[in-house]
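*Asks:* quick one: sequence and predicted model below, then my questions.
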Amino acid sequence: MKEVTANFSAKDIERGVQEYWRTHDTYKSVKQHRSTGKPYFFVDGPPYTTGHIHIGTAWNKILKDSLLRFHRMNGRNVIDRAGYDMHGLPIEVKVEQALGFESKKDIEKFGIQPFIEKCREFAVTNKKLMDDQFEALGVWLDFPNAYQTVKPEYIEAAWWTLAKAQEKGMLERGHRVVNWCPRCETAIADAEVEYWDENDPSIFVKFPLRDKPG
């Protein structure tokens, strides 16, 4: 029996647990142990790979991890897919700041394709950083096989969806007033113009499948 120490060091305890998990590949062992259980599918809502995680991102992941651990402990075969949002304005703005750009014309001078590659490099680098930080929090997700929106298959899927919508006559050309960001030189959502607090319900919807009820 180990001697009880006078001082509790959370950092030392966490380091010991994580080392044990790594040495014994505990995450993989648990998945194998529960592989015959009833499937529970989870696809993570992706955070932007803009840098170090913040307290909100950490809280979000810890809550999800707690739910998945609950299902594993109840014998479920948890299929947990991590994911990252790796393109869009948040990435572009960070890269523009890093390169010292003051307007979109600076991107044209720099070269559009080289700028895209810089954005891709920035996103991939931060994904690896965030992987390590989430794992340091003890989060169990399939990070090595995380979906990444910067991958060609996801970009092509978005274009495919848009093309199908056009083929089915679901798109229309017209005029409307939109919010415009003078700094980013693009349209932005109403929610990005001004921030306020809202109370919104969580809604769970079940859909019946062809071979079994919802």
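*Replies:* Nice, I can see it.
*Asks:* who does the lowest-mean-pLDDT helix or strand in the chain pair with, and is each partner parallel or antiparallel?
*Replies:* Lowest by mean pLDDT, DSSP states H and E among the helices and strands of the chain is strand 186-188, with a mean of 89. Sheet pairing of strand 186-188 (DSSP bridges) gives strand 179-181 (antiparallel).
*Asks:* so where's this protein shaky on pLDDT?
*Replies:* 1-2, 213-214 (pLDDT under 70).
*Asks:* what comes up buried for the least confident helix or strand of the chain?
*Replies:* The neighbour-count check on strand 186-188 (16 or more other CB atoms under 10 Å) flags nothing as buried. For every residue, glycine as well, the C-beta is placed using N, CA and C.
*Asks:* can you report phi and psi for the residue nearest in space to the middle of the chain?
*Replies:* Centroid-nearest residue in the chain: residue 46, 1.9 Å away (criterion: CA atoms, centre = their mean). Main-chain torsions, residue 46, degrees, to the nearest 10: phi -80, psi 130.
*Asks:* contacts only, for residue 64.
*Replies:* 42, 44, 139 (CB atoms under 8 Å, 6 or more residues apart in numbering).
*Asks:* repeat that for residue 93.
*Replies:* residue 184.
*Asks:* what residues of the helix or strand encompassing it count as buried?
*Replies:* If you go by DSSP states H and E, residue 93 is part of helix 89-99. For helix 89-99, a neighbour-count test (16+ other CB under 10 Å) marks 90, 91, 92, 94, 95, 96 as buried.
*Asks:* what is the burial count for the residue lying closest to the third one once chain neighbours are set aside?
*Replies:* What it means is residue 92. Using CB to CB, 6 or more residues apart in numbering and skipping the chain neighbours, the partner closest in space to residue 92 is residue 119 (6.0 Å). The burial count assigned to residue 119 is 19, neighbours taken as other CB atoms under 10 Å.
*Asks:* residues contacting residue 137?
*Replies:* Contacts of residue 137 by CB under 8 Å, 6+ apart are 58, 61, 62, 65.
*Asks:* quick check, nearest of these to residue 34?
*Replies:* The closest of these to residue 34 turns out to be residue 65 (CB to CB; 15.4 Å).
*Asks:* helix, strand or coil: sort out the closest one for me.
*Replies:* helix (DSSP: H, G, I helix; E, B strand; the rest coil).
*Asks:* residues in contact with it?
*Replies:* For residue 65, counting by CB under 8 Å, 6+ apart, the contacting residues are 137, 138, 139, 140, 141.
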